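> this one's sequence-less:
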DNA sequence: CTTAGCACTCGATGGAAAGGAGTGCTAAAC
DNA sequence: GTTTAGCACTCCTTTCCATCGAGTGCTAAG
């Protein structure tokens, strides 16, 4: 059943007033906002119907109304004006993007921090699950008779390297052969396949060279593992303390601890929708039953996506958050696409 | 003027009771603790003298006493029993150390997180300022006519690498020459010297090769910069919310924000003392005037040191914190020394 | 020097009373 | 049949005040 236009207007005002003031809103306030075209009594009737329909709730009999999750949902779907960012807002976001991404630190956590500073809510950032990666190219560089450098370039063109030490001295002139062996038999293979191959060559090599080889393979496995590993990073959790619904220190502590110690359970939508809003109990996780989450995904090239999410009370400023977060995610997509990104250190690449 | 033995005993009990209960302690409680050997009236006289001497404070006339910073100081210097860790405690710490350090993520932030979980207070971890580093060795690896990999091994044997793209196609067979050029003229030099050298060779090379060279040098500069950059990481800040002195949400928020956004201003002692305790106003920074900080330093080899600090109310459990933190720092030193550390990714090395 | 005794201070606790915002209902007006 | 004024009623919030009790400081006696 479709609500009357007036009911929608009223619902909209309840939601927006409540978002702005964090206090139950009464009939009088709404009547006033509507310019005196109707009296507070009329509003009262409408409000009570909206309550019956489940869009509004009443903390107690003699209080005003607050939106129910259902009410927020309708608001978000139909009533909310998708506002455009002001030039200043865009400016601020762009500045944040450019100044901070210039840092050498890894993009994932930066993205989270940036988002937090942009929306003023706690945020989280996630590396999208990656397809199975493999090594595209190996290099071995001799350092001395017991140490060498392994360089691994993965599928997605990120490069990592590490100094390795061998307990047995080896003949550095053989590193070239080993490198070829690696590139022919270990590149383009999954981690499991690499392990299997490793076993099968164990008797074709002298012990010291086999040691070198296995160190290299082991390192490659680690690199792949880390690159594919889904990482969640949170930022701005202290914003929680500024929100009236978390005036209660125990509630605040609970949510905060959840965001810090339980990050993996923050919502990670499977589909690639650019923006997803989860209101209160729509969150699968109990701990988020009276929070809302807005998650945006951005494209990081190579067909993979990153996620940034915003966590707040159900009384979140959806209009602002969605607008800013979308803009932010789009900017990230644009940057990755055009490769406008400033020179990255290799961890950047592997962690996106 | 030296305090009488009894005064010291009384002070000790006030401090320890207050640490345990977070409530002003009265004469009666102390009398009881002392086994009835003296009456509460006697204690009262002593307490009032201790107050006059500045070791104790009174929240209001009819309340018990709490230690002043001066009182804590005396306690820490003379009265506190440096307790040894129980085998269980050691076990827990060792487990934390081994399980968590095995992760691939960077040691610095791990150390902070581990410390936080060990002491149950918010912590911070700092890379000690490093001596000027330089590049020990360059490598260039061709990928295609427009891209190549730079590998940089620094002074302290950490290796980093990155894929680079050149707008102009270049002749890959010349990379060997460039590499030699890099190793002869840019290795072992400071960042500034590298920049100067770069200018001076600009006319000895074709534009496309110069571009490659400068990309390599630029990358090396970044690597050095990052490696030398002093980084501060905080962890466990949500522990603040569990402490009675931060029941007031605004105070909690303030301290938390300070620790997150102002980390650089957390105390970083210059001397290499293994353990340093800063009580309340002893902290230079105003924001820490009613917190105490315990900082331990550990040896990360190569003559450099890392720091882990614990932040808490002045009513911090100094005995436990110092014991655990010392043990933790010593363990880190030991691990780095023996190189017991599990295989590290290169960022580990560069961020310690 | 120690201690029992006692008056005094001052925060904490817990109603009771007052205030006020907001509702729901009824009956009249449009 | 919708709107609105009027009003009783609910229930939270604030304020005030009395009470309580832990703890002190002082005095005078042991």
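On my side now, so go ahead. Computed from a predicted structure; not experimentally measured.

> find the nearest non-adjacent residue to the closest residue to DNA strand C within chain A, please.
Closest contact between chain A and DNA strand C, by C-beta to the nearest atom of the strand, is at residue A:26 (2.9 Å). From N, CA and C alone the C-beta is placed, and that goes for glycine too. In this structure, residue A:26 finds its nearest non-sequential neighbour in residue A:64, 3.8 Å apart by C-beta to C-beta, 6 or more residues apart in numbering or on different chains.

> same question, residue A:53
Using C-beta to C-beta, 6+ apart, the nearest residue to residue A:53 is residue A:3, at 7.6 Å.

> helix, strand or coil for that neighbour?
coil (DSSP: H, G, I helix; E, B strand; the rest coil).

> near it, how many other residues are there?
18 (other C-beta atoms under 10 Å in any protein chain shown).

> doesn't residue A:11 make contact with it?
Yes - if you go by C-beta atoms under 8 Å, residue A:3 and residue A:11 touch, sitting 7.2 Å apart.

> overlap in contacts of these two?
Residues touching both residue A:3 and residue A:11 (C-beta atoms under 8 Å, 6 or more residues apart in numbering or on different chains) are A:50, A:55, A:74.

> tell me which entries of these lie within strands.
Members of the shared contacts of residue A:3 and residue A:11 lying in strands (criterion: DSSP state E): none.

> now tabulate the residues you listed in CSV and tack on distance to residue A:237.
Formatted as CSV, those follow (distance: C-beta to C-beta, whole Å):
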residue, distance to residue A:237
A:50, 34
A:55, 31
A:74, 30
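
> for stretch A:60-75, measure first residue to last.
Taking C-alpha to C-alpha, to the nearest Å, stretch A:60-75 runs 23 Å from one end to the other.

> just the buried positions in the helix or strand containing residue A:183, please.
Element membership of residue A:183 [criterion: DSSP states H and E] is helix A:175-185. By 16 or more other C-beta atoms under 10 Å in any protein chain shown, the buried positions in helix A:175-185 come out as A:175, A:178-179, A:181-182, A:185.

> for stretch A:138-146, same thing?
Quick answer for stretch A:138-146 (16+ other C-beta under 10 Å): A:138-143.

> that older thread, look at the residue of chain A closest to DNA strand C and report its pLDDT.
Looking at residue A:26, its pLDDT reads 97.

> burial count for it?
Counted with other C-beta under 10 Å, residue A:26 comes out at 18.

> cool, and the one 4 residues further on?
Under the neighbour criterion other C-beta under 10 Å, residue A:30 is assigned a count of 23.

> ok, it to residue B:203 distance?
76 Å (C-beta to C-beta, to the nearest Å).

> in three-state terms, how would residue A:203 be classified?
Per three-state DSSP, residue A:203 ends up coil.

> got a pLDDT number for it?
pLDDT at residue A:203 comes out at 89.

> where does it fall, phi/psi-wise?
phi -100, psi 0 (degrees, to the nearest 10).

> so what's it up against?
Counting by C-beta under 8 Å, 6+ apart, residue A:203 has no contacts.

> could you pull out the helices for the stretch 251-352 of chain A?
Ranges of helices within the stretch 251-352 of chain A are A:318-338, A:346-351, based on DSSP state H, counting those that start in this stretch.

> lowest average pLDDT across these?
Taking the mean pLDDT of the helices of the stretch 251-352 of chain A, helix A:346-351 comes last: a mean of 39.

> that older thread, out of the helices of the stretch 251-352 of chain A, which one sits most buried?
helix A:346-351 (a mean of 24; mean count of other C-beta atoms under 10 Å in any protein chain shown).

> just to revisit the earlier point, for the helix holding residue A:183, give the mean pLDDT please.
Here the average pLDDT along helix A:175-185 is 96.

> what does it rub up against?
A:137-142, A:148, A:197, A:201, A:209, A:212-213, A:216-217.

> need phi/psi at the closest residue to DNA strand D within chain A.
Residue of chain A nearest DNA strand D, by C-beta to the nearest atom of the strand: residue A:62 (2.5 Å). Note on residue A:62: its backbone torsions stand at phi -100, psi 20 [degrees, to the nearest 10].

> burial count for it?
Neighbours around residue A:62, by other C-beta under 10 Å: 8.

> from residue A:24, how far off is it?
Distance from residue A:62 to residue A:24, by C-beta to C-beta: 10 Å.

> does residue A:266 touch residue A:124 like I think?
Yes - using C-beta under 8 Å, residue A:266 is in contact with residue A:124, at 5.1 Å.

> what is in contact with these two at once?
A:232, A:234, A:259, A:309, A:311.

> among these, which pair sits farthest apart?
A:232 and A:311 (12.0 Å; C-beta to C-beta).

> between those two, which has more neighbouring residues?
residue A:311 (28 against 19).

> tell me if I'm right that the residue of chain A closest to DNA strand C and residue A:59 touch.
No - under the criterion of C-beta under 8 Å, residue A:26 is not in contact with residue A:59, lying 11.8 Å apart.

> which other helices and strands contact the helix or strand harbouring residue A:136?
Assigned by DSSP H and E, residue A:136 falls within strand A:135-144. Under the contact criterion of 3 or more C-beta pairs under 8 Å, 6 or more residues apart in numbering or on different chains; DSSP states H and E, strand A:135-144 touches strand A:147-154, helix A:175-185, helix A:207-228, strand B:135-144, strand B:147-154.

> please redo it, this time with the cut-off set to 7 Å
Strand A:135-144 is packed against strand A:147-154, helix A:175-185, helix A:207-228, with contacts defined by 3 or more C-beta pairs under 7 Å, 6 or more residues apart in numbering or on different chains; DSSP states H and E.

> what's the angle between that strand and strand A:147-154?
Angular relation of strand A:135-144 and strand A:147-154 on a 0 to 180 degree scale: 170 degrees, by axes from the mean of the first three to the mean of the last three C-alpha atoms, to 10 degrees.

> which positions in chain A make contact with DNA strand C?
A:24-29, A:40-41, A:44, A:47-48, A:51, A:58, A:61-65 (C-beta under 7 Å from any atom of the strand).

> any idea how far residue A:324 is from residue B:35?
For residue A:324, the distance to residue B:35 - C-beta to C-beta - is 65 Å.

> near chain B, which residues of the stretch 151-300 of chain A show up?
Taking C-beta under 7 Å from any C-beta of the partner chain as the contact definition, the stretch 151-300 of chain A meets chain B at A:151, A:153, A:157, A:159-163, A:222, A:226, A:238, A:241-242, A:247, A:249, A:252-253, A:256-257, A:260.

> are any of the residues you listed buried, and which?
Judged by 16+ other C-beta under 10 Å, buried ones among these: A:151, A:153, A:157, A:159-163, A:222, A:226, A:238, A:241, A:249, A:252-253, A:256-257, A:260.

> give me phi/psi at the residue of chain A closest to DNA strand C?
phi -100, psi 170.

> swap in residue A:38?
The phi/psi pair for residue A:38 (degrees, to the nearest 10) is phi -130, psi 160.

> residues contacting it?
By C-beta atoms under 7 Å, 6 or more residues apart in numbering or on different chains, the contact set of residue A:38 is residue A:31.

> 6 Å instead?
By C-beta atoms under 6 Å, 6 or more residues apart in numbering or on different chains, the contact list for residue A:38 is empty.

> which pLDDT value belongs to it?
Value for residue A:38, per-residue pLDDT: 93.

> ditto for residue A:93
93.

> what separation is there between it and residue B:219?
Distance from residue A:93 to residue B:219, by C-beta to C-beta: 28 Å.

> neighbouring strands for the strand holding residue A:136, and are they parallel or not?
Sheet pairing here is set by DSSP bridges, and for strand A:135-144 it gives strand A:147-154 (antiparallel).

> which outside residues touch the partner strand?
Under C-beta under 6 Å, 6+ apart, the answer for strand A:147-154 is A:133, A:135-137, A:139-142, A:159-165, A:216, A:219-220, A:223, B:151, B:159, B:161.

> much appreciated, bye for now.
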